[in-house]
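Colleague: This is the structure alone, sequence omitted:
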Ligand SMILES: CCCCCCCC/C=C\CCCCCCCC(=O)SCCNC(=O)CCNC(=O)[C@H](O)C(C)(C)COP(=O)(O)OP(=O)(O)OC[C@H]1O[C@@H](n2cnc3c(N)ncnc32)[C@H](O)[C@@H]1OP(=O)(O)O
């Protein structure tokens with residue numbers, strides 16, 4: 001297995017270029033932003049979202065929760081920063097780099113040959129009838145496909161297209177094996193494939209085009 005810091009070094013970082021437009025033109029890798037409890041804070045919010053998905057509160061309880069949430073939102077209002085300095089998405093020591101909007105995954109191995117990870121769709125990722133929403137599966141493929149492209153090219157790429165073939169139902173609360181790799185590239189075009197397995201059962205496959213950003217491209 002390649003160490004996280006070794007992988008991080010293969011992705012170009014350029015502080016001066018990253019604030020110029022709508023996308024991160026380089027990639028920050030951190031382990032300390034947000035402090036040692038940041039991961040647990042994110043996890044508690046995910047757990048809360050799991051409960052919100054399935055809760056049927058009384059009006060009184062909903063009002064109580066709203067009051068509590070207003071207090072929590074006011075606390076976070078005191079420490080908001082811009083997207084470039086937020087810990088979210090940069091904390092390589094945390095599931096999904098600390099990005100709460102992603103299904104939580106743990107990287108097992110990553111480098112120019114591809115990325116292997118374990119992803120666990122949560123209760124709040126429910127689509128219907130107890131299984132994952134297909135859009136959340138696509139998000140996992142997008143992020144880990146983008147990572148495979150980034151580790152291959154040593155820079156940042158944007159998704160041109162992404163196709164998911166849903167082969168069987170994707171369970172919730174089950175560690176699943178997800179793999180992404182660059183099948184081939186032509187110039188700036190990186191053709192990426194992916195698979196998602198529950199044990200031996202193929203849940204979904206992905207084929208995508210990621211396009212390397214040009215120098216200075218936002
Ligand atoms: C322990 C672990 C260690 C961790 C280490 C850290 C590493 C982690 C790193 C990273 C992880 C994060 C990963 C995140 C991933 C998420 C990515 C997203 O979701 S991105 C948001 C969604 N995508 C957009 O919003 C794009 C919108 N589109 C655009 O901005 C442009 O269209 C862009 C930049 C994609 C291309 O525009 P142009 O002007 O630069 O280039 P043109 O000339 O149009 O295209 C280049 C070539 O690509 C083809 N092309 C472009 N789009 C195509 C398409 N949709 N289908 C087919 N071909 C397409 C064109 O035909 C052209 O091909 P010809 O060179 O002529 O052969």
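Modeller: Structure's in. What do you need? These numbers come from a predicted model, not from an experiment.
Colleague: can you tell me which residues contact the residue positioned nearest the centre of the chain?
Modeller: Against the mean C-alpha coordinate of the chain, by C-alpha atoms, centre = their mean, the closest residue is residue 102 at 3.9 Å. Residues near residue 102 by C-beta atoms under 8 Å, 6 or more residues apart in numbering: 96, 139-140, 143. In short, each C-beta sits where N, CA and C put it, glycine included.
Colleague: Could you work out the most separated pair of the residues you listed?
Modeller: Farthest pair in the contacts of residue 102 (C-beta to C-beta) is 96 and 139. Separation: 9.8 Å.
Colleague: right, and the secondary structure at the residue lying farthest from the centre of the chain would be what?
Modeller: Most distant residue from the mean C-alpha position of the chain: residue 60, 35.2 Å away (C-alpha atoms, centre = their mean). Of the three states, residue 60 takes helix under DSSP: H, G, I helix; E, B strand; the rest coil.
Colleague: can you tell me which residues contact it?
Modeller: By C-beta under 8 Å, 6+ apart, no residues touch residue 60.
Colleague: what does the model give it for pLDDT?
Modeller: With respect to pLDDT, residue 60 has a value of 98.
Colleague: re earlier: quick check: of the contacts of residue 102, which lies closest to the ligand?
Modeller: The closest of the contacts of residue 102 to the ligand turns out to be residue 143 (C-beta to the nearest ligand atom; 5.0 Å).
Colleague: Check whether that closest one really touches residue 96, as I assumed.
Modeller: Yes. Under the criterion of C-beta atoms under 8 Å, residue 143 makes contact with residue 96 at 7.2 Å.
Colleague: between those two, what contacts are shared?
Modeller: By C-beta under 8 Å, 6+ apart, the residues touching both residue 143 and residue 96 are 102, 105.
Colleague: And the helices in this structure, which stretches?
Modeller: Ranges of helices in the chain, per DSSP state H, are 4-9, 38-54, 59-77, 134-153.
Colleague: list the buried ones in the last one?
Modeller: Of the residues in helix 134-153, those buried under the neighbour-count criterion (16 or more other C-beta atoms under 10 Å) are 136-153.
Colleague: cool, the second one as well?
Modeller: With burial defined by 16+ other C-beta under 10 Å, the residues of helix 38-54 counted as buried are 38-39, 42, 46, 50.
Colleague: No further questions, thank you.
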